[in-house]
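J.: Provided below are the primary sequence and the corresponding predicted coordinates.
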Amino acid sequence: MNKQDQLNRIKEDFIHSQKVLQAIGDETRQSILLVLMGTECQTGLRVGEITEQTHLSRPAVSHHLKILREAGVILMRKEGTMNFYYINIRTKIGLLKNLVSDIDKFLEDFY
């Protein structure tokens with residue numbers, strides 16, 4: 001693959017990763033992600049539990065969870081009237097792996 005083809009691939013990676021990058025670029029959302037990653041609970045956390053650990057207001061946590069869900073970074077599971085949030089490790093985060101891998105390969109090949 002020549003240099004221009006690699007650059008085009010990286011450009012496409014950026015386009016596909018844009019929502020994820022915007023979602024995880026916010027410091028508040030990063031703290032929510034860290035809480036979700038740090039939990040021992042495999043079933044996810046409720047908004048109240050995230051609120052306790054981040055010291056954010058409930059509306060703020062809900063707002064940021066919505067952005068993370070829309071970007072595909074986290075998923076929600078309903079259990080009766082309760083919603084549980086957890087990291088979506090299989091899909092959208094993988095886009096970032098591809099982006100970093102393609103950039104790394106480009107830099108190895110041309111610099």
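T.: Everything's here; your move. Residues are numbered from 1 along each chain as shown.
J.: contacting residues for the most centrally placed residue in the chain?
T.: Compute the mean C-alpha point of the chain, and by Cα atoms, centre = their mean the closest residue is Val73, 3.5 Å away. Val73 sits next to 20, 23-24, 33, 87-88, 92-93 when contact means Cβ atoms under 8 Å, 6 or more residues apart in numbering. C-beta coordinates here come from the backbone N, C-alpha and C atoms, glycine included.
J.: can you check Leu95 too?
T.: 13, 16-17, 20 are the contacts of Leu95 under Cβ under 8 Å, 6+ apart.
J.: how close does it sit to Phe84?
T.: 24 Å (Cβ to Cβ, to the nearest Å).
J.: all strands of the protein, in order?
T.: 74-79, 82-87 (DSSP state E).
J.: hey, which of these is tucked in deepest?
T.: Counting by mean count of other Cβ atoms under 10 Å, strand 82-87 has the highest mean neighbour count of the strands of the chain, with a mean of 16.
J.: can you list the residues that contact it?
T.: Contacts for strand 82-87 (Cβ under 8 Å, 6+ apart): 33, 36-37, 43-47, 50, 65, 69, 73-78, 93.
J.: now do the helices in the chain.
T.: With DSSP state H as the criterion, the chain has helices at 3-24, 27-38, 47-54, 58-70, 92-110.
J.: cool, thanks, signing off.
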